[in-house]
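In: Need coordinates for the following:
(2 chains)
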Amino acid sequence: MPGGIVTYYILSIVLALIPAVLWLTVLFKKTKRKGIQILIFLLSTASVIPIFIYQCITDKTELANGNCFASVYEVSLGNLSRFLFDTFHLSTKYFDSFRDFLYESLPRLNIEYYNTTFNNLTFYYILLFIVVGITEEIAKQLIIRIIDKKYLLIETMSDSIQFSLIAALGFSFLENILYIFAIWTNLGVQQLFVAYMFRSLFTTCAHMIFSGFFGYYYGIAKFSLKIREQSKWEGKKMISTDIISKITGMPRSQALKEQMILKGLFIAILLHAIYDFLLQLNQTLLVVPFVIIGYLILRHLLKRKAGNLILVTDIDEQKTSTMAQTDEEVVIELVGMWFKEKRYVDVMHICERLLKRDPDNKIVQLFKAQALDKMDEKDSYFKILSKIFPTKKEKQEQSIAKLLKEKNKLNAGIKTPNEAPKL
Amino acid sequence: MTQVNITVEDIPATTQGQVAKIVKFQGQLDESNVDEKAKIIYSLIEQTPQNLYLLLDFEELEYMNSKSIGYLTDWYGKITEGKGRIVIAKARSNILDILQVVGLTQLVNCYNTLDEAKFALLRQDVQGAA
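Out: Predicted coordinates for the structure are as follows:
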């Protein structure tokens, strides 16, 4: 190994730093509390270390044989999944029966393909990628949860996504160092370029997408109390949350919180596993749209007005409403009802008026932001639809806004003699 | 079921073809009765699809829920579509407050007294009803 291990590591760090810095520059542009963000990045980088230490203890021989950190890390997770695989495969006959069932059930068309691919190795890889996904996603999110608890970092749902992206970037940075080093030392510099470009562009981005989705659901979980209340006004039935609440005895908002965290974790793990599996099958062409679609969805979530709404309430600074509580509840109920009926223009106008009376009402703010988001979405869909079907026109709804427009139009041409004073 | 009474009285029309009525609400309009009572107004609209002039007397209406506000918007839409008119009289401050926040007072004019409301309801516009 010419130049020694240290030189390779330094060069690997420099190479891994380039995509990290580029992404950080993009993410830092929009956010506040940069010091804490750097802390998240560094801690996320360090989150790979426990897995490495675990491997050092359990698999000293690998290290002694000169295996690099990356392979050691993968072997570590591989051991765990191998253990799970063995447990499933050897101790029960279910897997064999299931596989036989699949062989019999599958059409004769591509039996050879299934015979060669859907085998024990495939099952092993599925388990490996699920284990990798679980470990990495939990490690990334743990950092966010710990820092958020200490510094009350997350004020909006978009904050949650944003900080998760930084955590993912930190994690991906160290992973990139390990992979660059591994590929460079094992396969040579020729193989490094393509792998480096791919990891910098796609794998780094993919890590951010997985964590971004988890961050989104973590954001919902964090503000579950308000989201639960808003859903109640909208008349939404949260059957699964109610079931969890009944089974566990947790309050509904707490049940929603746990449900969202698990959902986020599940989605992140699933996406992670699919990504790894596609790479394992050498389906690089599928990886590209996978990452691009994930990026576009995440970008949309980050841009949402509801996502950028500050949902943390400072009780000391909260202004009291100038409207009677029962009257305000009637209006919010109507807002929920009309939101469900997709009368977003009315919802937005009512919320605007209500916020003049009760400026710190987060539920009303949330309704307004969501109505604006829906109007934007509707507008975008309509633009796309009108391009595809130029004659298709949107059905006009009988909204207050529309009726008012008609009334004003009519009044413009009407003289009303001796009109009585209005209230 | 919460009690609410709706009574309908005719008002002498000032022009030909005009059908004017006072609809008096007493009690509370809530989830338990609103759908049933709304039918009374819908039947009036059905009977007189054109030139229906309605004065809603809210003096004794203590409470209206979100659904009843939705109905009110719908009545307004249907009546004005038939070149008719709808006004509100003597609404209590809590109800007026709700109607203002919802934006309905921009559509349906509200008056302090029945006379003012009647006058506004039956006035003749230069180019027709609004």
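In: list the contacts for A:Gly235?
Out: Applying CB atoms under 8 Å, 6 or more residues apart in numbering or on different chains, we find A:Gly235 in contact with A:Gly336, A:Met337, A:Lys340. Bear in mind the C-beta positions are built from the backbone N, C-alpha and C, glycine included.
In: hmm, 6 Å instead?
Out: Going by CB atoms under 6 Å, 6 or more residues apart in numbering or on different chains, A:Gly235 touches no other residue.
In: could you measure it against A:Gln325, distance?
Out: Applying CB to CB, to the nearest Å, the value for A:Gly235 to A:Gln325 is 20 Å.
In: and the spatially most central residue of chain B, which of the three is it?
Out: Centroid-nearest residue in chain B: B:Leu56, 3.5 Å away (criterion: CA atoms, centre = their mean). Per DSSP: H, G, I helix; E, B strand; the rest coil, the secondary structure class of B:Leu56 is strand.
In: show me where pLDDT drops low in chain A?
Out: A:1-3, A:28-32, A:48-122, A:124-125, A:378-398, A:412-423 (pLDDT under 70).
In: try 50 this time
Out: A:60-73, A:75-81, A:83-99, A:101-103, A:105-117, A:391-396, A:416-421 (pLDDT under 50).
In: quick check: domain ranges of it?
Out: Following automatic domain parsing, one finds the domains of chain A at A:4-303, A:322-392+A:399-409.
In: what's the residue nearest to the centre of chain B in contact with, if anything?
Out: When contacts are taken as CB under 6 Å, 6+ apart, B:Leu56 is in contact with B:Val23, B:Ile88.
In: so how far is chain A from it?
Out: Counting by CB to the nearest CB, to the nearest Å, the gap from B:Leu56 to chain A is 13 Å.
In: Next: B:Asp10.
Out: 21 Å.
In: Which pLDDT value belongs to that residue?
Out: Note on B:Asp10: pLDDT of 91.
In: Not counting residues beside it along the chain, what's closest to it?
Out: B:Lys21 (5.8 Å; CB to CB, 6 or more residues apart in numbering or on different chains).
In: That neighbour contacts B:Val8, correct?
Out: Yes: if you go by CB atoms under 6 Å, B:Lys21 and B:Val8 touch, sitting 5.5 Å apart.
In: Between these two, point out the one with more neighbours.
Out: Remark: of B:Lys21 and B:Val8, B:Lys21 carries more neighbours, 19 against 13, as counted by other CB atoms under 10 Å in any protein chain shown.
In: That one: what's it in contact with?
Out: Per CB under 6 Å, 6+ apart, neighbours of B:Lys21: B:Val8, B:Asp10, B:Leu54.
In: One more pass at 10 Å, please.
Out: B:Lys21 is in contact with B:8-11, B:13, B:41, B:44, B:48, B:52-56, B:121, counting by CB atoms under 10 Å, 6 or more residues apart in numbering or on different chains.
In: what about it, helix or strand, and which?
Out: Assigned by DSSP states H and E, B:Lys21 belongs to strand B:19-29.
In: quick check, the next helix or strand after that strand touching chain A?
Out: Following strand B:19-29 in sequence order, the next helix or strand is helix B:34-47 (DSSP H and E). No: using CB under 10 Å from any CB of the partner chain, helix B:34-47 stays clear of chain A, coming no nearer than 11.9 Å.
In: Quick check: A:Leu187 touching A:Ala195?
Out: Yes: contact criterion CB atoms under 10 Å: A:Leu187 and A:Ala195 qualify, at 8.0 Å.
In: neighbour-wise, which of those two wins?
Out: A:Ala195 (17 against 11).
In: Can you name the residues that contact the more buried one?
Out: Counting by CB under 10 Å, 6+ apart, A:Ala195 has contacts A:Asn176, A:Tyr179, A:Ile180, A:Ala182, A:Ile183, A:Trp184, A:Leu187, A:Thr203.
In: okay, now the fourth one: neighbour count?
Out: Read that as A:Ala182. Neighbour tally, A:Ala182, other CB under 10 Å: 22.
In: buried residues in the strand holding B:Lys21?
Out: B:Val19, B:Ala20, B:Lys21, B:Ile22, B:Val23, B:Lys24, B:Phe25, B:Gly27, B:Gln28, B:Leu29 (16 or more other CB atoms under 10 Å in any protein chain shown).
In: what two of those are the furthest from one another?
Out: Comparing every pair within those by CB to CB identifies B:Val19 and B:Gln28 as the most remote, at 28.2 Å.
In: who does the closest residue to B:Thr48 other than its chain neighbours bridge with?
Out: Closest residue to B:Thr48 apart from its sequence neighbours, by CB to CB, 6+ apart: B:Val19 at 4.5 Å. For B:Val19, the beta-bridge partners are B:Leu52 (DSSP bridges).
In: Surely A:Ile154 is in a helix?
Out: No: going by three-state DSSP, the assignment for A:Ile154 is coil, not a helix.
In: Please produce a markdown table containing the domains of chain A, extended by distance to B:Arg85.
Out: Formatted as a markdown table, those follow (distance: least, CB to CB, whole Å):
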| stretch | distance to B:Arg85 |
| --- | --- |
| domain A:4-303 | 33 |
| domain A:322-392+A:399-409 | 11 |
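In: A:Ile227 versus the residue in the stretch 151-300 of chain A positioned nearest to chain B, what's the distance?
Out: Nearest residue of the stretch 151-300 of chain A to chain B (CB to the nearest CB) works out as A:Trp233 at 9.4 Å. Per CB to CB, A:Trp233 is found 11 Å from A:Ile227.
In: Mutual contacts of the two, please.
Out: A:Ile363, A:Leu366.
In: which of these two has more neighbours?
Out: Between A:Trp233 and A:Ile227, A:Ile227 has the larger neighbour count (other CB under 10 Å), namely 24 against 21.
In: what's the closest non-adjacent residue to that one?
Out: Leaving aside its sequence neighbours, A:Ile227 sits nearest to A:Ile220 (CB to CB, 6+ apart; 5.9 Å).
In: My guess is the one you found contacts A:Thr241. True?
Out: No: with contact defined as CB under 10 Å, A:Ile220 does not count as touching A:Thr241 (11.5 Å).
In: Overlap of the contact sets of those two?
Out: Contact criterion CB under 10 Å, 6+ apart; residues shared by A:Ile220 and A:Thr241: A:Arg228, A:Leu256, A:Lys257, A:Gln259, A:Met260.
In: picking that back up, what is in contact with B:Lys21 and B:Val8 at once?
Out: B:Ile41, B:Leu44, B:Leu54.
In: May I ask which of these has the most neighbours?
Out: B:Leu54 (25 neighbours).
In: for the nearest residue in space to that one that is not next to it in sequence, what are its contacts?
Out: Spatial nearest neighbour of B:Leu54, excluding adjacent residues (CB to CB, 6+ apart): B:Ile86 at 4.7 Å. B:Ile86 is in contact with B:23, B:41, B:52-56, B:72, B:75-80, B:107-109, B:121, counting by CB under 10 Å, 6+ apart.
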